[in-house]
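Trainee: below is the sequence, then the predicted model.
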Amino acid sequence: MTVERRRAARVLLLDGRDRLLLFHGFDPAEPARTWWFTPGGGLEPGEDTHRAALRELAEETGLTGVELGPVVAVDRADFRYDGRRYEQEQWFHLGRTVETRLDCSGSAPDERPQLTEARWWTVAELRASSETVYPRQLADLLERLLVEGPPVVPVRL
């Protein structure tokens, strides 16, 4: 099976109550396999992670007044989606917003059907959940960010 390599910008978007925005989705090739994940997506040619994160947020959430901060974590994800394998290098920016009403109509038409829900989560809710959440260390990372603030050097997940 061919592996597609991607670079992605993701956003740990917090509201005024320190809740984190996650999307619930599924794999069209395996609809019973579901998970929660952060907003974001692939970098376009010539795009840096900051621009990509803002573009993806606007497309996926309709939010444009986000205060986007530094890259706080980096990760490499290996996964299957829609019958294909991916290796994805991803950079997680910390973001803040006062607006919590979302307009997900700007998502790509091929992505929209697989996004079943958007929800704002507390650290306690993330820790208590039995559902799959990516990245797996998200509750620990979020708690650390809320207590210590952004790290000087991004955390490797």
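Mentor: Sure thing, it's come through.

Trainee: this structure: strands as residue ranges?
Mentor: 3-14, 20-27, 30-37, 40-42, 67-81, 84-96, 115-121, 155-156 (DSSP state E).

Trainee: dump the longest one to CSV, keeping only the CA atoms.
Mentor: Presented in CSV, the C-alpha positions along strand 67-81 are these (Å, rounded to 0.1, in the frame of the first residue of the first chain):
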residue,chain,number,x,y,z
GLU,A,67,-5.8,34.9,18.4
LEU,A,68,-3.3,32.3,17.1
GLY,A,69,-0.3,31.7,19.2
PRO,A,70,2.9,29.7,18.9
VAL,A,71,3.5,26.1,17.9
VAL,A,72,3.2,24.3,21.3
ALA,A,73,3.6,20.7,20.1
VAL,A,74,4.8,18.6,17.2
ASP,A,75,3.8,15.1,16.2
ARG,A,76,4.1,12.5,13.5
ALA,A,77,0.9,10.6,12.9
ASP,A,78,0.7,7.4,10.9
PHE,A,79,-2.9,6.5,10.0
ARG,A,80,-5.4,5.0,7.6
TYR,A,81,-8.2,7.0,6.1
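
Trainee: partner strands of the helix or strand bottoming out on mean pLDDT in the chain, with direction?
Mentor: When the helices and strands of the chain are scored by mean pLDDT, DSSP states H and E, strand 115-121 comes last with a mean of 90. Taking DSSP bridges as the criterion, strand 115-121 forms sheet pairs with strand 20-27 (antiparallel).
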